[in-house]
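S.K.: kindly generate the corresponding structure for this input.
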Amino acid sequence: MRTSVESCLQIDEQGSFLPAIRCVPISALKHQKVLQALMEEGSGLEPDAAGDSVEVLQAQEEWEAVEHIQPGAGSWESPHRPGQLISFHEALQHFQRADLSICRKQVRSAVPRRRLSVLFSCMFGPPQLRDGLQEERELILAIAQCGLDNEDPVHGRVLQTIYKKLTGSRFDCALYGAHWEELGFQGSNPATDLRGAGFLALLHLLYLVMDSKTLLLAHDIFWLSQHHIQHFPFCVMSVNITRIVIQALREDCLSKECNRQHTVIPVVNNLYAAAFLHLAYIWRTQQKTILDSSFVLKDLEVLAKKNPKQLLRSLDTYLNKGTKGLSPMDLSGAQNISGSQGTQPKNLSFTGVCDL
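M.R.: Coordinates of the predicted model:
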């Protein structure tokens, strides 16, 4: 069914109205094209001919038929709770019960160091993680080694939930298709973009959209990624941030904060959200474009390793501002740690800019 680009509203879980999301195709990003306006106001014209009325009726019939369309080949189906959203906690429990022995064997517990580096790290480096927290750390690193399994219904529900929460769609989507490209993956199969982060990248996105405190942040950043000049591939950028968090965890940069909070997984999740917040603030306030992605991510990696506590504090500021009924769209919770600079090279592809 052909439809003109129009302005419309959707209703979120709290009953508030949200603007319908118009996604930027990843192909436009690859070719560095400035997008045209995503939405346009209605002309206000009324049908004044019988032909117009017929077209309206046909369009209405086609729209009503959408609800009866069944998922075609290459779609996920769950025999237990088809089409239902999945929480981060439920998805995490799935991995806690799963056999991850193969993934655990692939984990590199720490970055290899030379003798002098080991001595320097023992004397001046970050503290070691407490023994009681090692299991959580190993679980996170093991999940980061797990790929997307299209035969696993839980994996499918995670992707379906991410898609629905970001777009506002009520319908399940296909296993492969251009809709993933519109969300900011590089192609029609999300599995191809998880290198270096594994399924942890999808769990981080799930955490961002399913936690009521960070859902607004997810929408803010997703909208920023659709900007006609400052657009960037939302999901690919998210995977790169997960890679940064994994590296900080492996290098024991989060041990002090994890020891203080007596947990690992919440710290890792919040650092991911805080890093995404900081990137969005820098991107928006310093007018960054896709050409700056390499420099922004490298600066973010340094900050996440050297001062994760400061990033986490900025996330708390942002979330507290949102709970007071204010609009945090300016991402001002990150302004106290802004300052990363970048220059614009002549040619730079976003793909693989953060191979940690």
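
S.K.: against residue 127, how distant is residue 208?
M.R.: Plainly put, residue 208 is 28 Å away from residue 127 if you go by Cβ to Cβ, to the nearest Å. Yep, even glycine has a C-beta here, placed from its N, CA and C like the rest.

S.K.: so between the two, which is more surrounded?
M.R.: residue 208 (24 against 10; other Cβ atoms under 10 Å).

S.K.: quick one: residue 160 and residue 174 touch, right?
M.R.: No: applying Cβ atoms under 8 Å, one finds residue 160 not in contact with residue 174, separated by 10.3 Å.

S.K.: so who does residue 206 touch?
M.R.: Applying Cβ atoms under 8 Å, 6 or more residues apart in numbering, we find residue 206 in contact with 86, 88, 91, 158, 161, 162.

S.K.: give me that answer again for 10 Å
M.R.: Neighbouring residues of residue 206 by Cβ atoms under 10 Å, 6 or more residues apart in numbering: 85-88, 90-92, 157-159, 161-162, 165, 199, 269.

S.K.: quick check: which ranges of the stretch 51-200 of the chain have low pLDDT?
M.R.: Scanning the stretch 51-200 of the chain for pLDDT under 70 picks out 51-82, 109-126.

S.K.: do that again at 80, thanks
M.R.: Scanning the stretch 51-200 of the chain for pLDDT under 80 picks out 51-83, 108-127.

S.K.: of residue 160 and residue 174, who's got more company?
M.R.: For residue 160 and residue 174, the more surrounded residue by other Cβ under 10 Å is residue 160, and the numbers stand at 24 against 15.

S.K.: just give me the neighbour total for residue 132.
M.R.: Residue 132, neighbours per other Cβ under 10 Å, totals 11.

S.K.: could you find the closest non-adjacent residue to it?
M.R.: residue 262 (8.0 Å; Cβ to Cβ, 6 or more residues apart in numbering).

S.K.: likewise residue 150?
M.R.: That would be residue 175: by Cβ to Cβ, 6+ apart, it lies 6.1 Å from residue 150.

S.K.: the one you found contacts residue 163, correct?
M.R.: No: contact between residue 175 and residue 163 fails when scored by Cβ atoms under 10 Å: they sit 11.3 Å apart.

S.K.: okay but the residue nearest to residue 132 is in contact with residue 133, surely?
M.R.: Yes: using Cβ under 10 Å, residue 262 is in contact with residue 133, at 7.4 Å.

S.K.: these two: who's more crowded?
M.R.: Shown here are residue 262 and residue 133; by other Cβ under 10 Å, residue 133 has more neighbours (19 against 11).

S.K.: distance of residue 272 relative to residue 102?
M.R.: On the measure of Cβ to Cβ, residue 272 and residue 102 end up 25 Å apart.

S.K.: more crowded one of the two?
M.R.: Between residue 272 and residue 102, counted using other Cβ under 10 Å, residue 272 has the larger neighbour count: 27 against 10.

S.K.: pLDDT score assigned to the more buried one?
M.R.: In this model, residue 272 is scored at 98, pLDDT.
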